[in-house]
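J.: Sequence first, predicted model second:
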Amino acid sequence: IEGSQLEYIGAGAFSTGSVLDDLYIPATVKDLSRLAFSPCRVLELHVQWTTPPDVVITKKLSEGRLYVPKGCKAAYAADKNWGKFSEIQEE
């Protein structure tokens, strides 16, 4: 992720029938489609935003483990979408 210049992730970007083991999304992503993860299953999703973006979290996706920046777990857990994850850890 270091040095990433990725700024946009569009709708269906991760629409795959297979399971992704790890997915890292850098803080440089400023424009994330609400449907970027629909439908998708990720075992470990690592995000670097300090504020949870508005995105649709599907049941399949929420079955994975979410990793957020240190000090941000409460914000993600309280979010109407990101709070669907049963396991949220800080890293």
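T.: Thanks, I have it.

J.: Can you tell me the SS state at the residue in the chain sticking out farthest from the centre?
T.: Within the chain, residue 3 marks the point farthest from the mean C-alpha position, 19.2 Å out by Cα atoms, centre = their mean. At residue 3 the chain is in coil, as set by DSSP: H, G, I helix; E, B strand; the rest coil.

J.: Give me the phi and psi angles of it.
T.: For residue 3, the backbone dihedrals (degrees, to the nearest 10) come out as phi 80, psi 0.

J.: distance of it from residue 91?
T.: Distance, residue 3 to residue 91, by Cβ to Cβ, to the nearest Å: 19 Å. No exception for glycine: its C-beta is placed from N, CA and C like everyone else's.

J.: Show me what the longest helix along the chain is packed up against.
T.: Ranked by residue count, the top helix of the chain under DSSP state H comes out as helix 73-78. With contacts taken as 3 or more Cβ pairs under 8 Å, 6 or more residues apart in numbering; DSSP states H and E, helix 73-78 sits against strand 65-68, strand 87-90.

J.: and it, which residues are buried?
T.: By neighbour count with 16 or more other Cβ atoms under 10 Å, helix 73-78 contains the buried residues 75, 76.

J.: residues in contact with that helix?
T.: Helix 73-78 is contacted by residues 50, 51, 52, 66, 68, 82, 83, 85, 88, 89, 90 when judged by Cβ atoms under 8 Å, 6 or more residues apart in numbering.

J.: Quick check, pLDDT for the fourth one.
T.: What the model reports as pLDDT for residue 66 is 96.

J.: Same question for the second one.
T.: Predicted confidence (pLDDT) at residue 51: the value is 94.
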